[in-house]
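Novice: Need coordinates for the below:
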Amino acid sequence: MSAPAPETSTWEELVQAELEAFFAERSRDAMRFGAQFERLWELARENSLGGKLLRPRMLLEVFDTLRPDGLGWRTAVELSVAVELLHLAFLLHDDVIDGDLLRRGHPNLVGTLVEDHGDLNWAHSSAILMGDLLTSASHLRFARIDTTREVRLRVLDHLERIVTETVAGEHADVALSVGVIEPDIATVVDMTTWKTAAYTCELPLRLAAILAGAPRALEETLAAIGGRLGLVYQLQDDLLSTFGEASLHGKDRWSDLREGKQTALVAHARGSAQWGRIEPLLGTHELTGDQALEIVALLEECGARRFVEDLVEEQLHSTRQLITGGALPGATRLVLLRIQHDLEGRQS
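Specialist: So this is what the prediction gives:
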């Protein structure tokens, strides 16, 4: 089995070093296919920097509490990098689907290529292909982890399930936006859970338990906590995209409103007296700033913001109960309470 990490290296340093080494190697190899392909890998590397590393954090900090002897730490780091690569792949595909040109307040890979060449089809095609490459690289790392065959198969089974759920969630998100699926609140919450919660929080916590050899009951408790935290994370994103400061959350301002995203905010508003004034503006690609501010005011007026904020608080309360309910080791409980605290009230 793999050795413990050196005491002088933090998990952030280890993960970042692994990501840098991955992109450096791929960029060198890309040179033989020409300058544009090398440029694509360089842009992918640039877009991987500056993220929160939430998924590696959850996996590694929880794993550390379950295996304080450090046995298997290097394998856990490798797996956390694989999860982060999968996340980066999903982001690229999501930016194409949503038509976004910004991420973290700067042009994303699509936006940069549009600036470079002025061709949106070229930029979208490049992002899709890079997303495919990162998905492949992630799966390869999952398959090569240094562990027993039994653990590897369990990990791969959960990877397949989570990828399927995430794709199904993205598919449902688009279907809701274009009216193929009826946008009731239950369907929107299901979509949110599939699209974001499963891979953002459930997968890292479940992987930490599996790698650490934790009992199945503890693994399921962690997965349940992860599902709730992941739902909170996406509902917060919906709130920030509509009511937050673009300078803080770094996304295209009003992008959800221009795209007609059927978020929990919109699902609640559909049953309100204000819906007749919201509906004609929602999903308008030429949405002006004044029109966007009108929608925001109407969503506030109809109680949609309060409704989603209450949903977030309900999930946070439920998560606290699971964390403090006695089924988790004390150190694991403290780590998860700290992660939950950091998620509460986030602005980006």
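Novice: Every contact and neighbour count from this point should use C-alpha atoms.
Specialist: Noted.
Novice: Show me the shaky parts of this protein.
Specialist: 1-8, 247-250 (pLDDT under 70).
Novice: So which residue is dead centre in it?
Specialist: Thr200 (4.8 Å; Cα atoms, centre = their mean).
Novice: and that one, what is it in contact with?
Specialist: Counting by Cα atoms under 8 Å, 6 or more residues apart in numbering, Thr200 makes contact with 54-55, 87, 226, 230.
Novice: again, only this time at 6 Å
Specialist: Gly230 (Cα atoms under 6 Å, 6 or more residues apart in numbering).
Novice: Break this structure into its domains for me.
Specialist: For the chain, the structural domains run 1-49+73-146, 148-348, going by automatic domain parsing.
Novice: want to try JSON lines for the ones you listed, with distance to Val62 as columns?
Specialist: As requested, the domains of the chain are exported to JSON lines (distance: least, Cα to Cα, whole Å):
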{"stretch": "domain 1-49+73-146", "distance to Val62": "10"}
{"stretch": "domain 148-348", "distance to Val62": "6"}
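Novice: now for those, which one comes closest to Thr65?
Specialist: Nearest to Thr65 among the domains of the chain is domain 148-348; the distance by Cα to Cα comes to 5.4 Å.
Novice: show me where the protein has strands.
Specialist: Ranges of strands in the chain, per DSSP state E, are 102-103, 106-107.
Novice: Save these as a markdown table, and put in mean neighbour count and distance to Ala123 too.
Specialist: Shown next, in a markdown table, are these (neighbours: other Cα atoms under 10 Å; distance: least, Cα to Cα, whole Å):
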| stretch | mean neighbour count | distance to Ala123 |
| --- | --- | --- |
| strand 102-103 | 18 | 13 |
| strand 106-107 | 16 | 12 |
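Novice: which stretch among those comes nearest Ile339?
Specialist: strand 102-103 (22.9 Å).
Novice: Against which helices or strands is the closest one packed?
Specialist: Strand 102-103 sits against no helix or strand, with contacts defined as 3 or more Cα pairs under 6 Å, 6 or more residues apart in numbering; DSSP states H and E.
Novice: Given that strand, what are its sheet partners and their directions?
Specialist: Paired neighbours of strand 102-103 in the sheet (DSSP bridges): strand 106-107 (antiparallel).
Novice: contacts for the partner strand?
Specialist: Counting by Cα under 6 Å, 6+ apart, the neighbours of strand 106-107 from elsewhere in the structure are Leu101.
Novice: can you give me the offset of it from its chain's centre?
Specialist: 18 Å (Cα atoms, centre = their mean, to the nearest Å).
Novice: returning to what we had before: same list, the strands of the chain, but as TSV with distance to Gln274 please.
Specialist: Formatted as TSV, the strands of the chain follow (distance: least, Cα to Cα, whole Å):
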stretch	distance to Gln274
strand 102-103	30
strand 106-107	34
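Novice: Select, out of those, the one closest to Gln315.
Specialist: strand 102-103 (26.7 Å).
Novice: Alpha carbons of stretch 309-320, as PDB, please.
Specialist: Extracted in PDB, the C-alpha atoms of stretch 309-320 (Å, rounded to 0.1, in the frame of the first residue of the first chain):
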ATOM      1  CA  GLU A 309     -33.100  30.300   1.600                       C
ATOM      2  CA  ASP A 310     -35.400  28.200   3.800                       C
ATOM      3  CA  LEU A 311     -34.700  25.100   1.700                       C
ATOM      4  CA  VAL A 312     -31.000  25.700   2.300                       C
ATOM      5  CA  GLU A 313     -31.500  26.100   6.000                       C
ATOM      6  CA  GLU A 314     -33.600  22.900   6.100                       C
ATOM      7  CA  GLN A 315     -30.800  21.000   4.400                       C
ATOM      8  CA  LEU A 316     -28.200  22.500   6.700                       C
ATOM      9  CA  HIS A 317     -30.200  21.600   9.800                       C
ATOM     10  CA  SER A 318     -30.700  18.000   8.500                       C
ATOM     11  CA  THR A 319     -27.000  17.800   7.800                       C
ATOM     12  CA  ARG A 320     -26.100  19.000  11.300                       C
END
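Novice: In it, which residues are buried?
Specialist: 309, 311-312, 315-316, 319-320 (16 or more other Cα atoms under 10 Å).
Novice: I'd like these as CSV, with distance to Ser177 appended.
Specialist: As requested, the buried residues of stretch 309-320 are exported to CSV (distance: Cα to Cα, whole Å):
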residue, distance to Ser177
Glu309, 22
Leu311, 21
Val312, 22
Gln315, 25
Leu316, 27
Thr319, 30
Arg320, 33
